[in-house]
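Novice: Predicted model and sequence follow; I will ask about them next.
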Amino acid sequence: MVGGVTEIVTERLVLRHFVEADRQAVVEIHSDPETNRYNPRPPDTATTLVMFDSWLEHWAEFGYGYLAVRERGRPEAADGSDVIGMTGVRNREFRGEKVLNLAYRFRPSAWGKGYAFEAARAAVEWAEREIAAIPVLISVAVTNTPSLRVVEKLGFEGFAEEEYEGAVSRHFRR
């Protein structure tokens, strides 16, 4: 188990461990049709709830995982309604190799502000410092131009393109 991260603070954001109170925010973000524009198999509420449970289990087992993102300087809401998105890394097997899967997703109201890049950069820097033995990988649908721009700004390089989770995707690593 890695010494878990409790909070990462950036210039404009606070990234923290997900807690049960964030469940509804995650459902809202992950089941929003806008946030699934490039997802051929968008999760429904039941799938999102199972996914959220798996995130909490990953944290319990490994001491790291996906992180809730909120704007710095805004009060933290007890009900998780201040959560504007998620980012972070969690274990994944890819082509027989253990990797850290980088993910990020934000409410549409948070788009266009550079939050995905800022949050993902902080998560990648943490992972490369604290779990350096496991490479960080991200998979992005080739049609998801906004996410591909974030990946490029993060300094990831493409190494494969294939069908992945129902879409032609590019896989990147640093």
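Specialist: Done, it's in.
Novice: what about Asn36, neighbour count?
Specialist: Neighbouring residues of Asn36 were enumerated by other Cβ atoms under 10 Å; the total is 15. For glycine as for every other residue, the C-beta is placed from the backbone atoms N, C-alpha and C.
Novice: list the helices and strands the longest strand anywhere in the chain packs on?
Specialist: The single longest strand within the chain, with elements called by DSSP state E, is strand 83-94. In this structure, strand 83-94 packs against helix 23-31, helix 45-62, strand 66-71, strand 97-106, helix 115-130, strand 136-141, with contacts taken as 3 or more Cβ pairs under 8 Å, 6 or more residues apart in numbering; DSSP states H and E.
Novice: Adding distance to Glu152, mean neighbour count and mean pLDDT, write those out as TSV.
Specialist: Compiled in TSV, these are given as follows (distance: least, Cβ to Cβ, whole Å; neighbours: other Cβ atoms under 10 Å; pLDDT from 0 to 100):
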stretch	distance to Glu152	mean neighbour count	mean pLDDT
helix 23-31	23	19	95
helix 45-62	26	14	96
strand 66-71	21	25	97
strand 97-106	14	19	97
helix 115-130	10	20	97
strand 136-141	10	22	96
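Novice: Does Phe18 touch Leu56 like I think?
Specialist: Yes - with contact taken as Cβ atoms under 8 Å, Phe18 and Leu56 are classed as touching, separated by 6.4 Å.
Novice: before we move on, the earlier item: for Asn39, find the nearest of the helices and strands packed on strand 83-94.
Specialist: strand 136-141 (7.4 Å; Cβ to Cβ).
Novice: now that closest one and strand 83-94, what's the angle there?
Specialist: 100 degrees (axes from the mean of the first three to the mean of the last three Cα atoms, to 10 degrees).
Novice: Parallel or antiparallel, which strands does strand 136-141 pair with?
Specialist: Sheet pairing for strand 136-141, assigned by DSSP bridges, gives strand 97-106 (parallel), strand 167-173 (antiparallel).
Novice: and it, how far out from the chain's middle?
Specialist: Chain-centre distance of strand 136-141: 10 Å, with Cα atoms, centre = their mean, to the nearest Å.
Novice: Using PDB, write out every CA atom in stretch 10-22.
Specialist: C-alpha atoms of stretch 10-22 as PDB (Å, rounded to 0.1, in the frame of the first residue of the first chain):
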ATOM      1  CA  THR A  10      -3.200  23.400  -7.000                       C
ATOM      2  CA  GLU A  11      -3.400  27.100  -7.900                       C
ATOM      3  CA  ARG A  12      -7.200  26.900  -8.400                       C
ATOM      4  CA  LEU A  13      -8.300  23.400  -7.300                       C
ATOM      5  CA  VAL A  14      -8.400  21.000  -4.400                       C
ATOM      6  CA  LEU A  15      -8.200  17.300  -5.200                       C
ATOM      7  CA  ARG A  16      -9.200  14.900  -2.400                       C
ATOM      8  CA  HIS A  17     -10.100  11.300  -1.700                       C
ATOM      9  CA  PHE A  18     -13.700  10.500  -2.600                       C
ATOM     10  CA  VAL A  19     -16.100  10.000   0.300                       C
ATOM     11  CA  GLU A  20     -19.600   8.600   0.500                       C
ATOM     12  CA  ALA A  21     -21.200  12.100   0.400                       C
ATOM     13  CA  ASP A  22     -19.800  12.500  -3.200                       C
END
